[in-house]
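Engineer: everything below, folded, please.
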Amino acid sequence: MTAPGENLRVNGERLWDSIMEIAKIGPGIAGGNNRQTLTAADGEARTLFKKWCEEAGCGVGVDQMGNMFAQRDGTDASALPVYVGSHLDTQPTGGKFDGVLGVLGGLEVIRTLNDLDIRTKHPIVVTNFTNEEGTRFAPAMLASGVFAGIHEQDWAYAREDAEGKRFGSELERIGWKGQEVTGERKMHAFFELHIEQGPILEVENTDIGIVTHGQGLCWLQVTITGKEAHTGSTPMDMRKNAGLGMAHVLTLVDDIARQHQPHAVGAAGHIDVSPNSRNVIPGRVVFTIDFRSPDIELIADMEAQLRSGAQEICERLDLRVEFEKVGGFDPVEFDADCVATIRDAAKRLGYTARDLISGAGHDACWINRVAPTAMVMCPCVDGLSHNEAEEITPQWARAGTDVLFHAVVQTAEIVE
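Structural biologist: I've put the predicted structure just below:
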C-alpha cells in the first residue's frame, strides 16, 4: 500500500469550525453539551451531519438502529469500504469533543480527499453510531453492539429510559430509524479517533496516543444488609452498620486495584444508602464496584478477592452481603496491522506518539469483533471528560485528524 505523502494534512481550521458549529446544538449549562441520544437535539445534529456529508458528495445510509453511514465511493466497486467514525450523542453534562471529534474528523478526511482530488481503491465510510454513551438507554455502545452481534436488536429496542420511554419508539419518533439491516455491512477496516479521556498524553507532552488495547470490565453490584437504628442511642458494640461495612469494602477495592498494577483500576461509582437519614444507622447499602484491566485473568482475580474479602468483612461486622454481576466485557486487543498503520502515520508526520490502553469503552471495542480495528487518541486538558469543562486545542484536534487521515487513506489505497 502506498502511504500518503508527509506533506498531506487536513484543514484544521475547517475541522475546528465544524466542531464548534455542531456544539451549538444541545448546549449545556456550563459551556459543554447535553445532546443525549434520540432527543430532538440528537436529531438536529444528525440532520446537520447528513447535510455536510451530502455537500461533500457522499451518499448517506441509515440502518435500523439509527447508525449513519456516509460513503465516498472508491474506484473498485467490489472492494470493501474502510470505515471511520464515532458518535454524536453526549452525556447530560458532556463536553464538545467526546465522540464528536471522531465523527467530524472522519468527515474532514473526506473533505481533504476532495480538496486534493485524491481517489482511493476502497470506498471510505464515515459513521455515527447511535447511543454510544448509554446515559439515556443502558448499556453504552448499544447500537455498535447490535451491529457487531453482541446484542439482539429487539432487546435493544426494548431498553427504557428513566421515564419509561423505549429506545425503538424514540428512534422512530425523531425520524432516524432506517431500513438497512443492522450489521449487514462488511468492513475492510475501522478506525476511530477520540480524545484520550485521561491525563497521560498531556502530562507527557505527547501528540498522539496509539491505542493497542481496551480494558476489560467487571461491574459487581454489592448489597450489604444490617439493621437500622438510632445513631445516638445505640451502643457501638450493638450496631449492625451497613455503611461501616461498605466503607471497609471500598477500602478493600482500592487495595485490590493497587495490588494489580500497572494497568488495573477499581472504584465504586454508584452508591445507594438506606434510609439515608442523618440520625439513622444505615440498614442497607447497594453499590457497584467497577474493576478494569487489559488482562482478563487479572479481572477475574480482582473479582474473586473482592467477593471473599467482602464476605469476611461482613461476617466480622455481623452483616449480610450479596453479590450480583451486572455488567462486563472482555479486554480488547486491536488489530496489529491497523495499529502499525497508525504508528507509521504518526512517525511519518513527525508527531510524538506513545502506545495507550484505553480505560473507557468505545464503539471500536465492539467493531473489533467483526473487522480489523484500531484507535487514535489526542490529549485533552487535565484528562477531563464526561464534563462540560472538557477541552482540547485546535492543534491537538488537527494532529489527531492528520494521523487518522493518513491511516485511513493508506488502508483505502490511493489510486495513482
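
Engineer: what is the neighbour count of residue 149?
Structural biologist: Look at residue 149: counted by other C-beta atoms under 10 Å, it has 12 neighbours. To be clear about C-beta, it is placed using only N, CA and C from the backbone, and glycine gets the same treatment.

Engineer: where do the helices sit along the stretch 1-150 of the chain?
Structural biologist: Counting by DSSP state H, counting those that start in this stretch, the segments of the stretch 1-150 of the chain that form helices are 12-22, 40-55, 100-116, 142-147.

Engineer: give me whichever of those is most buried.
Structural biologist: helix 142-147 (a mean of 28; mean count of other C-beta atoms under 10 Å).

Engineer: could you dump the helices of the stretch 1-150 of the chain to JSON lines with mean pLDDT and distance to residue 294?
Structural biologist: JSON lines is the format used below for the helices of the stretch 1-150 of the chain (pLDDT from 0 to 100; distance: least, C-beta to C-beta, whole Å):
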{"stretch": "helix 12-22", "mean pLDDT": "98", "distance to residue 294": "30"}
{"stretch": "helix 40-55", "mean pLDDT": "98", "distance to residue 294": "32"}
{"stretch": "helix 100-116", "mean pLDDT": "98", "distance to residue 294": "21"}
{"stretch": "helix 142-147", "mean pLDDT": "97", "distance to residue 294": "20"}
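
Engineer: what number of residues lie near the nearest residue to residue 23 once chain neighbours are set aside?
Structural biologist: Of all residues beyond its chain neighbours, the one nearest residue 23 is residue 96 (4.2 Å), with distances taken as C-beta to C-beta, 6 or more residues apart in numbering. Per other C-beta under 10 Å, the neighbour tally for residue 96 reads 23.

Engineer: quick one: residue 96 and residue 111, what's the gap?
Structural biologist: The spacing between residue 96 and residue 111, counted by C-beta to C-beta, to the nearest Å, is 20 Å.

Engineer: repeat for residue 385
Structural biologist: As it turns out, when the distance is counted by C-beta to C-beta, residue 385 lies 26 Å from residue 111.

Engineer: residue 169 now?
Structural biologist: Between residue 169 and residue 111 the distance is 35 Å, computed by C-beta to C-beta.

Engineer: check residue 191 too.
Structural biologist: Residue 191 is 16 Å from residue 111, by C-beta to C-beta.

Engineer: do the same with residue 131
Structural biologist: Distance from residue 131 to residue 111, counting by C-beta to C-beta: 26 Å.

Engineer: chain neighbours aside, what residue packs nearest to residue 230?
Structural biologist: Closest residue to residue 230 in three dimensions, ignoring its sequence neighbours and counting by C-beta to C-beta, 6+ apart: residue 279, at 6.5 Å.

Engineer: quick one, phi psi at the closest residue to residue 359 other than its chain neighbours?
Structural biologist: Once its chain neighbours are removed from consideration, residue 359 has its nearest residue in residue 215; the separation is 5.2 Å (C-beta to C-beta, 6+ apart). Backbone dihedrals for residue 215, given as degrees, to the nearest 10, come out at phi -70, psi 140.

Engineer: dump the residue contacts of residue 215.
Structural biologist: If you count contacts by C-beta atoms under 8 Å, 6 or more residues apart in numbering, residue 215 has them with 263, 265, 292-294, 331-332, 357-359.

Engineer: for the protein, which helix is longest?
Structural biologist: Criterion DSSP state H: the longest helix present in the chain is helix 296-316.

Engineer: contacting residues around it?
Structural biologist: In this structure, residues lying in contact with helix 296-316 by C-beta under 8 Å, 6+ apart are 216-218, 220, 222, 224, 245, 248-249, 252-253, 256-257, 260, 264, 266, 289, 291-293, 319-321, 323, 328, 330-331.

Engineer: out of the residues you listed, which sit inside helices?
Structural biologist: In helices, judged by DSSP H, the following of the contacts of helix 296-316 are found: 245, 248-249, 252-253, 256-257.
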